[in-house]
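Undergrad: let's see this in three dimensions:
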Amino acid sequence: RGDTYYSLQARRQKEASHEMSIEPQGKDLLPLAEPPSVGLTEELPPAATLGTGFGGVFNVQRILERIRSLKGLLRLKPFDTSTEEGRSRERYRRAALTTLTSVMAKAVSVCVSLVTVRLTIHHLGVERYGLWMTITSVVSLLWFADLGMGNGLLNAIAEAHGRDDNDSVRRYVSSAFFVLIGIAAVLLLAFTVVYPFVPWHSVFNVSNPLAVREAGPALFVFLAYFLCNMPLDVVQRVQTGHQEGFAGNLWAVVGSLTGLSGLLIALHLRGGLPWLILGLLGGQVFGVAGNWIFEFGFTRPGLRPSWT
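TA: You can find the predicted model right below:
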């Protein structure tokens, strides 16, 4: 039995040593990493899609398609808004018309300004023309005088129009209009009280005899235009809130051209600085007033400001 026991032990040791000899060396080392799942020979995108040259950056065909689609939106007849697609196209139509007329109005305004400078600087002289530009800059600082009513009205109209709540729009328009009239009346009263006691020629530092006489009246005409335009500007807020800013832009073109005509008449009559300002700005007030009458008299009479 003892021999048998020792022979079994020897056989087991021999088998164990044989298994150890056939195991790979470096058993405790980390296994090699698996090859990446994405092949290294994956094809790169074609060179044309990488934007080589202007052809890759600017797709001419796509641009032409956009222009053709834009031409389809530039029409006076509105789209049918009874469907979702029609409402979408109508929004795009109004945005396109507003953008186009805005560019046109700015171009006309710049041209009128250039013509005005060329016509008036020789008629007025350096000092009186400088007085005109100074008064323009001073009065422009009063645009904050509406206390944010204009922008607030625009936001309120846009929100109520999105809900088809015309009753709220009418209340907003009437409230803003009469509040702006009150603000304009207070400013006009304050200026009227202060006007006789202020040496306006000293305020604007002019010495030319004509400039000395015209400083106060010219400022009064400018301020009257600004205060008159303050409540009338409500009509442009209504149009913008209804996505019809193009209507206000077209009337702005009419006002600019009418103002240029008034300036030419004042120059022909050899009018002084206050008359030139009245001719130029009076035409712009005419444009805003025409917009007001057309909008609240024909397009949206239900939104016309009323006390009740």
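
Undergrad: neighbours of residue 78, how many?
TA: Neighbours of residue 78 under the rule other CB atoms under 10 Å: 11. Every C-beta, even on glycine, is put in place using the N, C-alpha and C of the backbone.

Undergrad: next: residue 155.
TA: Neighbourhood size, residue 155 [other CB under 10 Å]: 12.

Undergrad: so what's it up against?
TA: By CB atoms under 8 Å, 6 or more residues apart in numbering, the contact set of residue 155 is residue 241.

Undergrad: quick one: secondary structure of it?
TA: Assigned by DSSP: H, G, I helix; E, B strand; the rest coil, the conformation of residue 155 is helix.

Undergrad: now do the helices in the stretch 151-300 of the chain.
TA: According to DSSP state H, counting those that start in this stretch, the stretch 151-300 of the chain carries its helices in the segments 166-194, 200-203, 209-232, 234-241, 245-268, 273-294.

Undergrad: ok, and which of these has the densest surroundings?
TA: Neighbour counts (mean count of other CB atoms under 10 Å) averaged over each of these peak at helix 234-241, with a mean of 24.

Undergrad: poorly predicted segments of the stretch 51-200 of the chain, please.
TA: For the stretch 51-200 of the chain, the stretches flagged by pLDDT under 70 are 51-58, 64-73, 75-76, 145.

Undergrad: still on that earlier bit, nearest to residue 99, of the helices of the stretch 151-300 of the chain?
TA: helix 245-268 (8.5 Å; CB to CB).

Undergrad: what's the closest one in contact with?
TA: 94, 97-98, 100-102, 104-105, 108-109, 112, 115-116, 119-120, 123, 235-236, 239-240, 275-276, 278-288, 290-291, 294-295, 299.

Undergrad: ok now that helix, how far from the chain's centre?
TA: 22 Å (CA atoms, centre = their mean, to the nearest Å).

Undergrad: against residue 305, how distant is the nearest residue to residue 295 once chain neighbours are set aside?
TA: Using CB to CB, 6 or more residues apart in numbering and skipping residues adjacent in sequence, the residue nearest residue 295 is residue 235, 5.0 Å away. Here residue 235 is placed at a distance of 10 Å from residue 305 (CB to CB, to the nearest Å).

Undergrad: now the common contact residues for these two.
TA: With CB under 8 Å, 6+ apart, residue 235 and residue 305 have common neighbours residue 296.

Undergrad: quick one, longest helix in the protein?
TA: The single longest helix within the chain, with elements called by DSSP state H, is helix 84-124.

Undergrad: from the chain's centroid, how far away is that helix?
TA: 13 Å.

Undergrad: report all helices and strands that the following helix or strand past it contacts.
TA: The helix or strand immediately downstream of helix 84-124 is helix 126-140, counting by DSSP states H and E. Contact analysis of helix 126-140 by 3 or more CB pairs under 8 Å, 6 or more residues apart in numbering; DSSP states H and E lists helix 84-124, helix 209-232, helix 273-294 as its packing neighbours.

Undergrad: dump these into TSV; add distance to residue 186 as well.
TA: Converted to TSV, the helices and strands packed on helix 126-140 look like this (distance: least, CB to CB, whole Å):
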stretch	distance to residue 186
helix 84-124	30
helix 209-232	10
helix 273-294	20
